[in-house]
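[1] Compute the structure for the input listed below.
(chains A and B)
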Amino acid sequence: MTTTSAPPPPGPILETSTAPADARRVEQLKPDLLLSPEHHMCPGCGEPLVLRLFLEAIEELGLATRSIAVVGIGCYTSFSGSMDVDLVQALHGRAPSVATGVKRMLPDSIVFTLQGDGDMVNEGLQEVIHTAARGEKVTCILLNNGVFGETGGHMTATSVIGQRTKNTLDGRDADYHGYPILIGDLIAQLEGAAYVARGSVHNAGAVARTKKMFRRAFETQARGDGFTFVEVLTMCPTGWFIPTVEGPGYLHDTLGEVHIMGELKVDGVVHTTEQLHAENAARAAEMEAKLAAGGIDA
Amino acid sequence: MSTTTVDAPGIAVTERRLMEGSEALVRASIVAGCRFFAGYPMTPFTEVLEHFARLLPEVGGVCINAESELEAVGMAWGALSTGARAATGSTGQGLSLMQESFSEITVAELPLVIFNMARGQQDYFQATRGGGHGDYRHIVLAPQDAQEGIELVQLAFHLADKWRNPVLIYGDYLLAHVQEAVTVERIDFPELPPKDWAVDGSRTGSGLSGTVTSLGVGKIGQFEFGQEGKYQYIATKMPLMEREVRVETGYLDDAETVVVAFGTPAKFVKYAIKQLRADGHRVGYVRPITLWPFPYDAVREAAAGARRVGSFEMSGGQMIDDVRIGAAGQAPVHFIGGVSTDQSGFGVGRMLDVVDVTARILALHEGGEQPPVPGYETYGYRIQPHQMEATR
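    Numbering: from 1, shown residues only, chains lettered A, B, ... in the order given. I've put the predicted structure just below:
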């Protein structure tokens, strides 16, 4: 568990009065499928990072002009207005069923849902399970921060043991509150699921890997191979009641230890938790070695 | 004349033949252009789902056996968002599960058609008062038999698109299960504007992408209702929809006693009144075809010249509220119906019998006591001593 510490000292003041010749403005860096780079999320929130990743993936794969989003209810609902994507706003928990109706009427479209862990794993668990079991050719995206962020920090079905929330003040107690649901692992077991992955946005490497997961998921949907699922662990320092800068570390040490990152099912083949652990350990060891040898570029 | 309906070869039935009511309703739906249905089995609605599952694939449509009513209505929501004609249904019990979505679908202005093959007429309030949270109504059509059902189902799809508001077909065990000789022929309605509000993905990335939502939100730079604006807009639409009122009346000219009844029981009432007329009794009827909007004007006119008005319904007394509003105190309104189903609660009760219905109307007409509702003596609630007085 991360302990609270004093904020880091401010770095050197950047000279901003004259921009370098190759400097780019924020607007130039935003994905084309975003109407505005502005968002109203808290500092340190991981959700806007995920928004960027799946919008870029859709664009790069050339799927934009047949993409339809179905968005649930949570903090991310505000993305509905900034995504330049044909969109259906669903009720809390109901997005996979709504996506099913859209896809069945427009089989050539690329349909994806956007839900949080409260929306998908609490309110609408049945919907996502059955949609996966039917092999519905849609992509369900889960923004998993283990907390009801929008209501102000309450326990969800994915909150980890020991996690402090507004209704688990002394930490989630397995005996009293039960155990977290590892939704990605659950869905990977279903025959109808073709591709299942769990990414994260807590560091640059995780962001890059998550982007690849989105690409594979959308490619799999475009091929018509079955249900696809991308879960992304996202920071919620507000809902975790920790300083903003500690968000990535807290994610890695708590949620990331329970909801193991990696590709859980590729081309219909399930990867076990042991395999994911081994892959992640190998990657970490490789990184350590590179750092010891003088840096990642070395 | 019409482009809102799509040809469905093999679905229309031009030569009169014996057909189960459920099948007639489903064929009429497909003839009206319905291409998506999702539902969950529940007696007496189940056969509607069966016929959709069998017939929709024949015309390139889709019927999904949903995991629950919550999913069924969600799937229909998605299909409607693409501009397709789509429907769902259940009994009143199953529709209770769908109410959250019904509320939001109405505010999102999606043209859903809902089939309630009800267990009796105890879902009148659920059907006509909105049913879920918020300020809204659904147009409710109550066919008296399968042939009228074929017309009203096609009307339902037209009205749903016309008003961008759900329309509910109120049926029951008799409508769903009785076989009648019918034809299923397409009705042409006036042309409707294109569904430019629907989404198909083609506008993604254009800067003009669309949103189907009940929340009043739009894209950055586009017009936004906001939640209050959306609610206010829906509230102003409801009174306009009241002009779709439909009613059938009979023998009212010199009627001393007027009976109001809807759906399949109204057909029993109409028959009983015809027989009573032949015997010289001055009785008439009002049959609301739309339960919402309710034909208040027709009831008001009928009550103006009558000595008494009766509400015959297979419930504890729900429509009687609307009958009283319509009668507006011009004549006393009496409840002459009652709860009557079979033992399972699914089907047709003992009260729905021409002899019993006639006796109830005659008792009202002659100022006598209503005959007991069959079963009330056995099951009737016995008041407890502590319940005798109101708490002050």
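[2] burial measure for whatever residue of chain B ends up closest to chain A, as a count.
    Of chain B, the residue with the smallest distance to chain A, taken as Cβ to the nearest Cβ, is B:G78 at 2.5 Å. Every C-beta, even on glycine, is put in place using the N, C-alpha and C of the backbone. If you count neighbours by other Cβ atoms under 10 Å in any protein chain shown, B:G78 ends up with 33.
[3] Chain neighbours aside, what residue packs nearest to it?
    A:G101 (2.5 Å; Cβ to Cβ, 6 or more residues apart in numbering or on different chains).
[4] Which strands or helices does the helix or strand that contains that neighbour pack on?
    Per DSSP states H and E: A:G101 is located in helix A:95-105. Applying 3 or more Cβ pairs under 8 Å, 6 or more residues apart in numbering or on different chains; DSSP states H and E, one finds that helix A:95-105 contacts strand A:67-71, strand A:110-116, helix A:125-133, strand A:139-144, strand B:34-39, strand B:62-65, helix B:69-81.
[5] Quick one, which of the ones you listed gets closest to A:L91.
    Shortest separation from A:L91 across these is recorded for helix B:69-81, at 7.6 Å, computed as Cβ to Cβ.
[6] elements contacting the closest one?
    With contacts defined as 3+ Cβ pairs under 8 Å, 6+ apart, the packing partners of helix B:69-81 are strand A:86-89, helix A:95-105, helix A:125-133, strand B:34-39, strand B:62-65, strand B:85-90, helix B:92-107.
[7] okay, the ones you listed in CSV with mean pLDDT, mean neighbour count and distance to B:D342 next?
    Conversion of the helices and strands packed on helix B:69-81 to CSV gives the following (pLDDT from 0 to 100; neighbours: other Cβ atoms under 10 Å in any protein chain shown; distance: least, Cβ to Cβ, whole Å):
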stretch, mean pLDDT, mean neighbour count, distance to B:D342
strand A:86-89, 98, 27, 41
helix A:95-105, 98, 30, 33
helix A:125-133, 98, 22, 32
strand B:34-39, 98, 27, 23
strand B:62-65, 98, 21, 27
strand B:85-90, 98, 30, 19
helix B:92-107, 97, 22, 16
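[8] Can you say which of the ones you listed is nearest to A:F218?
    Each of the helices and strands packed on helix B:69-81 was checked against A:F218 via Cβ to Cβ, and the shortest separation belongs to helix A:95-105, namely 13.3 Å.
[9] and the residue of chain B closest to chain A, what is it in contact with?
    By Cβ atoms under 8 Å, 6 or more residues apart in numbering or on different chains, the contact set of B:G78 is A:70, A:88, A:97-105.
[10] out of the residues you listed, who's nearest A:I181?
    Checking the contacts of B:G78 against A:I181 with Cβ to Cβ, the nearest one is A:S97 at 19.2 Å.
[11] Leaving out the residues flanking it, which one is nearest to that closest one?
    With Cβ to Cβ, 6+ apart as the measure, B:G74 is the residue that lies nearest to A:S97, at 3.0 Å, once sequence neighbours are left out.
[12] check contacts around B:V184.
    Under the criterion of Cβ under 8 Å, 6+ apart, the neighbours of B:V184 are B:11-14, B:19, B:24, B:27-28, B:31, B:150.
[13] Give me the number of neighbouring residues for the closest residue to B:G263 other than its chain neighbours.
    Counting by Cβ to Cβ, 6+ apart, the nearest residue to B:G263 once its immediate chain neighbours are dropped is B:A142, at 4.5 Å. By other Cβ under 10 Å, the residues close to B:A142 number 32.
[14] In this structure B:A142 contacts B:A261, no?
    No - with the criterion set as Cβ atoms under 8 Å, B:A142 and B:A261 do not qualify as a contacting pair; they are 9.9 Å apart.
[15] now the helices: where do they sit in chain B?
    For chain B, the helices identified by DSSP state H occupy B:21-31, B:46-55, B:69-81, B:92-107, B:124-128, B:146-163, B:173-177, B:226-241, B:263-278, B:296-304, B:320-327, B:354-365, B:376-379, in order along the chain.
[16] Tell me which of these sits most buried.
    Here the criterion is mean neighbour count by mean count of other Cβ atoms under 10 Å in any protein chain shown, and of the helices of chain B the winner is helix B:69-81, at a mean of 31.
[17] what's the angle from that helix to helix A:125-133?
    Taking axes from the mean of the first three to the mean of the last three Cα atoms, to 10 degrees, helix B:69-81 and helix A:125-133 form an angle of 60 degrees between their directions.
[18] chain center to helix B:69-81, what's the gap?
    Computed by Cα atoms, centre = their mean, to the nearest Å, the chain-centroid distance of helix B:69-81 equals 19 Å.
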